[in-house]
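Colleague: predicted model follows, preceded by the sequence.
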Amino acid sequence: MAPLHLFIVNKSGGLIHHRSLGPKAPKIGTNDWLRIGSTFHSLHAIAAEAGPVRLPGNKNPYGADDGIEFIEAGGIVLSCLQTRTGVKFVITADVDTPDLDPLLREIYVLYSDCALKDPFYELEMPIRTDLFTSAVDALLERFESRSTKSSADRPIVRF
Amino acid sequence: MSKSSASASGHALWSKMPKANTELFALTYGSLVTELIRDYDNADEVNSQLDRIGHSIGVRCVDEFLSKAEVGGINIPPCQTMKDTADVVARIGFRMFLGVSAEVANHAPDGSAFSLFLYDNPLSIFVELPTAEEAAVISGGRGGCDLSKIKYSNIYCGVIRGALEQVNLKVDCRFVRDV
């Protein structure tokens, strides 16, 4: 019930940010990360073309390109938010983690507030802004406390 | 998007943005332009520098605009025509960042151009540019910067150009008339 990894891909497919979001996240080396980022970018583009149901103009209701939004696998889920400017925010999480979409949108807001407004940050380059990292940390803490609070409210039935 | 819903969205987004003092903003911009005039003796050069600065701002503004609109629950549907783009830029974009709405008019018949009218320009509240004769007197015939040719708010052109470039729309933005 926890997010595992976050990675951000720029519009040309290069990885600009990656981090693990919890203790259960497996360790992945930097080169593997770069490969994952560019592979995902290509898969996203191919999925947009290969999808049997084509939205008008190849765009989803938010105006971002048609493509991979959500992958559900055996032990993991992957959620992707593509912005209209071409940046992709991808989160992997345990199965049954709720609210990944609002989390991604909040991360987009943090990206625009912390990373883009940093005067030393160049567009499309890896994000090395401390403010962004700590803001994402704070966001995750709020997310964790919100999800543990809501699961505590649910009645637990034991046999 | 209908005009009133666009204005309402713009207003809603504006209310969520952190505010700065208008005078501080205008005076800071004024000192920036003054420095540029001192550095470059040529009005065209100053205008193109302002456009370049605006471009860097615009490419970052558009992500902020889109992200805050999504989180604020305001759905900005994909623009089908240039007219939609114009409305979004003028009514929501300008409203969100500057608090003033721009008016859109003069759509070209093939839909490839439009005019934006900014009635309330927060950058130029303290500014008066000299006329051509006065500017000649000021530069004293030295062949320095011709102040009457400076497009004081040229930064807006750069911002619009940069912002639309990030959403894959290549535009050319120029000041047609400045008071």
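Modeller: Structure's in. What do you need? Numbers count the residues shown, from 1 in each chain, chains lettered A, B, ... in the order given.

Colleague: worst-scoring helix or strand of chain B, pLDDT-wise?
Modeller: Counting by mean pLDDT, DSSP states H and E, the weakest-scoring helix or strand in chain B turns out to be helix B:132-139, with a mean of 74.

Colleague: mind giving me the packing neighbours of that helix?
Modeller: With contacts taken as 3 or more Cβ pairs under 8 Å, 6 or more residues apart in numbering or on different chains; DSSP states H and E, helix B:132-139 sits against no other helix or strand. C-beta here means a position set from N, CA and C on the backbone, and glycine is covered the same way.

Colleague: ok now that helix, how far from the chain's centre?
Modeller: Centroid separation between helix B:132-139 and its chain, computed with Cα atoms, centre = their mean, to the nearest Å, is 27 Å.

Colleague: am I right that residue A:91 is in a strand?
Modeller: Yes. Checked against DSSP: H, G, I helix; E, B strand; the rest coil, residue A:91 lies within a strand.

Colleague: hey, what's it bridged with?
Modeller: With beta bridges defined as DSSP bridges, residue A:91 has these partners: residue A:6, residue A:79.

Colleague: run through the residues that contact it.
Modeller: By Cβ atoms under 8 Å, 6 or more residues apart in numbering or on different chains, the contact set of residue A:91 is A:3, A:4, A:5, A:6, A:21, A:78, A:79, A:80, A:100, A:103, A:104, A:107.

Colleague: the fourth one - how many residues pack around it?
Modeller: To tie it back to what came earlier, the one meant is residue A:6. When neighbours are counted by other Cβ atoms under 10 Å in any protein chain shown, residue A:6 registers 21.

Colleague: equivalent analysis for the last one, please.
Modeller: Other residues near residue A:107 number 22, with proximity taken as other Cβ under 10 Å.

Colleague: related to what we said a few turns ago, who wins for most neighbours among the contacts of residue A:91?
Modeller: residue A:103 (26 neighbours).

Colleague: tell me the secondary structure for the residue nearest to residue B:57 when sequence neighbours are not counted?
Modeller: The spatial neighbour of residue B:57 that comes closest, neighbours along the chain excluded (Cβ to Cβ, 6 or more residues apart in numbering or on different chains), is residue B:159 at 5.2 Å. Following three-state DSSP, residue B:159 is assigned to helix.

Colleague: so what pLDDT did residue B:159 get?
Modeller: The predicted local distance difference test score for residue B:159 is 94.

Colleague: which residues in chain A form helices?
Modeller: Under the criterion DSSP state H, chain A contains helices at A:30-50, A:100-110, A:130-153.

Colleague: using PDB, write down the CA coordinates of the second one.
Modeller: Think helix A:100-110. This file holds the C-alpha atoms of helix A:100-110, laid out as PDB (Å, rounded to 0.1, in the frame of the first residue of the first chain):
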ATOM      1  CA  LEU A 100      -2.000   7.800  -7.500                       C
ATOM      2  CA  ASP A 101      -3.600  10.200  -9.900                       C
ATOM      3  CA  PRO A 102      -4.000  13.100  -7.500                       C
ATOM      4  CA  LEU A 103      -0.500  12.300  -6.200                       C
ATOM      5  CA  LEU A 104       0.900  12.700  -9.800                       C
ATOM      6  CA  ARG A 105      -0.900  15.900 -10.300                       C
ATOM      7  CA  GLU A 106       0.500  17.300  -7.100                       C
ATOM      8  CA  ILE A 107       4.000  16.300  -8.200                       C
ATOM      9  CA  TYR A 108       3.400  18.200 -11.400                       C
ATOM     10  CA  VAL A 109       2.500  21.300  -9.400                       C
ATOM     11  CA  LEU A 110       5.700  20.800  -7.300                       C
END
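
Colleague: which strands and helices sit next to it?
Modeller: Packing partners of helix A:100-110 (3+ Cβ pairs under 8 Å, 6+ apart): strand A:3-9, strand A:77-82, strand A:88-93, helix A:130-153, helix B:43-71.

Colleague: make CSV out of the ones you listed and add distance to residue B:9 and mean pLDDT.
Modeller: Formatted as CSV, the helices and strands packed on helix A:100-110 follow (distance: least, Cβ to Cβ, whole Å; pLDDT from 0 to 100):
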stretch, distance to residue B:9, mean pLDDT
strand A:3-9, 27, 92
strand A:77-82, 20, 92
strand A:88-93, 23, 93
helix A:130-153, 25, 82
helix B:43-71, 7, 92
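
Colleague: out of those, nearest to residue B:145?
Modeller: Of all these, it is helix B:43-71 that lies closest to residue B:145, at 5.6 Å by Cβ to Cβ.

Colleague: what is that closest one packed up against?
Modeller: In terms of contacts (3+ Cβ pairs under 8 Å, 6+ apart), helix B:43-71 is packed against helix A:100-110, helix B:3-16, helix B:22-39, helix B:94-98, helix B:155-166.

Colleague: just give the nearest non-adjacent residue to the closest residue to chain A within chain B, would you?
Modeller: The shortest separation between chain B and chain A is 3.5 Å, found at residue B:78 (distances taken as Cβ to the nearest Cβ). Closest residue to residue B:78 apart from its sequence neighbours, by Cβ to Cβ, 6+ apart: residue A:63 at 3.5 Å.
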